[in-house]
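Asker: Okay, sequence plus prediction incoming.
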Amino acid sequence: MIVCVFVLCAQGLAYGQETSFTVGPQDESVSQQIVSSAKATPDLTSEDQSKTASNNPTDELSEDYHEDEILEEYAAKIKEEKVEIADPLEPLNRVFHEFNDKLYFWALKPVAQGYKAVVPEPARVSVKNFFSNLAFPARFLSCLLQADFSGAATEAGRFTINTLWGIGGLMDPSSGKELNLQKQDTDLGQTLGVWGVGQGFYIVWPVFGPYSFRDTVILAGDYFIYPVSYINPWYASWGVRAYEEVNATSLRIGDYEALKDAAIDPYVAFRDAYAQYRFKKIKARKTKLTLSAPAAQQGKPADAELLNKEN
Amino acid sequence: MKKQLTGLIIIWALLIFSLPAFAGVALDTAQKSVNGVLDVLRDPKLKPASATELKKEKLRVIYKNMFDEVEFSKRTLTRNWNTFSPAQRTEFVTLFEQILENSYADKILSYTNEKVEFYKENKLSDTQVEVQSKIITSSKEIPIFYRMILKDGKWKVYDVVIENVSLVQNYRTQFNDILAKDKPEKLLETLRKKLNKK
C-alpha cells in the first residue's frame, strides 16, 4: 500500500498524453487568422469571407465560456465533476508533499530502477499478484461490511483458487476468461464512504502519501488485517513492505513524473486527482450495491441501466 | 392488404430515420484516431531514435484532428475565460498545449505493445458523449474515457478521463487556485516560465 495510493493518482493522469501534441505549426496560424479576421480586407470575395468564418478557430476564441445545458436525466453524471476536498492543513501538507516527492526521487525510484534492471517483468507481475492475494482480508471484510455478499464470495473464491492453483498467489487464474472472478476493488475507506461518512479534509502523510481524513482508516486497516504486519521481528515486516513498494513502483516508473511534469501546481494537481479518484470509486461501489439490491431492480432503473437503455 | 403493407412500411421507415444519428459515430472517430497513433508508434520504419521528431510530427497531425483545444482550454478556465482578453486567450491556448505536449510526449512514445479496446458510448447531452476505452498493458488495465462534443458535424474530444480523473477538472482546480488570488497575466507568466524551464 503505502505510497501506493499517491502513485495511483499519478498513474491516473500519467496517461493523459492524448491532450498534448496539438501544437506545432498551428500556433502561428491561430494568430495569423486573428489578424486576418480582424481586418477582413475588402478584396476578399464574399465566398472567401464565409469560408474564413466557418473554419476559423478565432470564432471560438472570441466566444465567451458558457455552462453546459444539462439534461435532467444526466444531471447526476455531470454534477459529479464538481468534486473538491477541504484543505485546512495546506501549509503542512505542502511540506509533506515535498518530503514524499524527495523520498520518491532520491530513494524509491533509484532502487526500483535497479530492481527493474535485474528482475524481468513477468516475475515482477507475479510478485505483485502475490501481495495482492495476501491483502485479501481487507477486501473481503469491506465487501461484507458493505453487505456486498456476492463481492465477498468472489473474493473468497479468488483467494482459494489463486492460493491453491495460482502457486500461493503468484498467478491469478481466477480473473481469466473461464472463471471470471475479478478482484473487488474496495477498501475500508470506501466502506465508510458507502455508509455515508464524508471524506473530511485532505492529509498528506509523510511516507504514506495523500489520504482524506476518512480514508486514513485504510492505513489502520492495513496495519491490523494485512498479514505482512504480523511478521516478526517488526523490521522484517517493514522490510517486506518496502520490498512490496519497490516492486510495485518498478511497474509504473514514469507515471508520477509525467503527472508532476504536466501540472502547473503539482500539489494541487495531486490533491484534485486524489479527490476525484476516491469520489468516483465510492460512487461506483454505491451504484453496484443499488443495482444488486432487489428493490432497485423492480423500481426505478439505476444510473447505469438508464444509460445502457439510452444507447 | 396492400394499404396495410404500405402503412407498415411507412411506420418502419419512420422508425429507422428517427434513430439518433450520433449512435456510434463518436466512438468510431475516437477509435480511428487512437489506432492512427498506434500505427505511428509501431511503424518499424520510424523505430530508430533519429525518427523521433518525425514521429512527433505525425502524432501532432492526428491529435490536432482529434482534440478541440479551444474547448479544452475554455473548460479548464470556466468563467475566468471571460476575463481573458482575445490576445490572452490565444496565448493561453498555445502555452497550455505546449506544456501538455512537452510533458506527455516521451510517455506516449514509450508505448509499443499495449492493446487499446473501445467498448462503450454514453450520451451526456444532445451534442456530448463519453466514449469509453481501456489500455491493456502486461501488468494492468487503465480505463480511459474521452468526452466528445459535436461541432459542425465533427466529433472532437474536449476532456480525457483517466482512471476516473478528469484532466479538465484537474487543471480547473489548479487554475482556479491561481486565479482566485491573481490576474490572468500572472497565470500566463507562470505558464511561460514553466515552458522555458524545459
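Answerer: On my side now, so go ahead. Numbering: from 1, shown residues only, chains lettered A, B, ... in the order given.
Asker: For chain A, see how far away the most centrally placed residue in chain B is.
Answerer: Chain B has B:Val157 as the residue nearest its centroid, 3.2 Å off, counting by C-alpha atoms, centre = their mean. Remark: distance between B:Val157 and chain A (C-beta to the nearest C-beta, to the nearest Å) = 7 Å. Yep, even glycine has a C-beta here, placed from its N, CA and C like the rest.
Asker: Pull out the buried positions in the helix or strand hosting that residue.
Answerer: Counting by DSSP states H and E, the element that carries B:Val157 is strand B:154-162. Using 16 or more other C-beta atoms under 10 Å in any protein chain shown as the burial criterion, the residues of strand B:154-162 that qualify are B:Trp155, B:Lys156, B:Val157, B:Tyr158, B:Asp159, B:Val160, B:Val161, B:Ile162.
Asker: which ones are touching the residue nearest to the centre of chain B?
Answerer: A:Glu18, B:Ala30, B:Met66, B:Phe67, B:Asp68, B:Phe72, B:Tyr146, B:Arg147, B:Met148 (C-beta atoms under 8 Å, 6 or more residues apart in numbering or on different chains).
Asker: same deal with B:Gln31?
Answerer: B:Gln31 neighbours (C-beta under 8 Å, 6+ apart): B:Phe118, B:Val131, B:Ser133.
Asker: Buried residues, the host helix or strand of it. List them.
Answerer: Per DSSP H and E, B:Gln31 falls inside helix B:25-42. By 16+ other C-beta under 10 Å, the buried positions in helix B:25-42 come out as B:Val25, B:Ala26, B:Leu27, B:Thr29, B:Ala30, B:Gln31, B:Ser33, B:Val34, B:Gly36, B:Val37, B:Val40, B:Leu41.
Asker: Which single one of those is nearest to A:Lys128?
Answerer: B:Leu41 (25.4 Å; C-beta to C-beta).
Asker: wait, isn't the closest one in contact with B:Ala105?
Answerer: No - if you go by C-beta atoms under 8 Å, B:Leu41 and B:Ala105 don't touch, sitting 11.8 Å apart.
Asker: per-residue confidence for residue 38?
Answerer: Picked chain A for this. For A:Ala38, the model assigns a pLDDT of 39.
Asker: wait, chain B
Answerer: Reading off the model, B:Leu38 has pLDDT 89.
Asker: part of a strand, is A:Ile253?
Answerer: No - using DSSP: H, G, I helix; E, B strand; the rest coil, the assignment for A:Ile253 is coil, not a strand.
Asker: Next up, the contacts around it.
Answerer: With C-beta under 8 Å, 6+ apart, A:Ile253 has these contacts: A:Lys109, A:Ala112, A:Gln113, A:Lys116.
Asker: so which of these is the most crowded?
Answerer: Within the contacts of A:Ile253, neighbour counts (other C-beta atoms under 10 Å in any protein chain shown) peak at A:Ala112, which reaches 21 neighbours.
Asker: To which secondary structure element is that one assigned?
Answerer: Judged by DSSP H and E, A:Ala112 forms part of helix A:109-118.
Asker: Would you mind pulling the contact partners of that helix?
Answerer: With C-beta under 8 Å, 6+ apart, helix A:109-118 has contacts from A:Arg124, A:Val246, A:Asn247, A:Thr249, A:Ser250, A:Ile253.
Asker: Beyond that helix, next helix or strand please.
Answerer: helix A:121-134.
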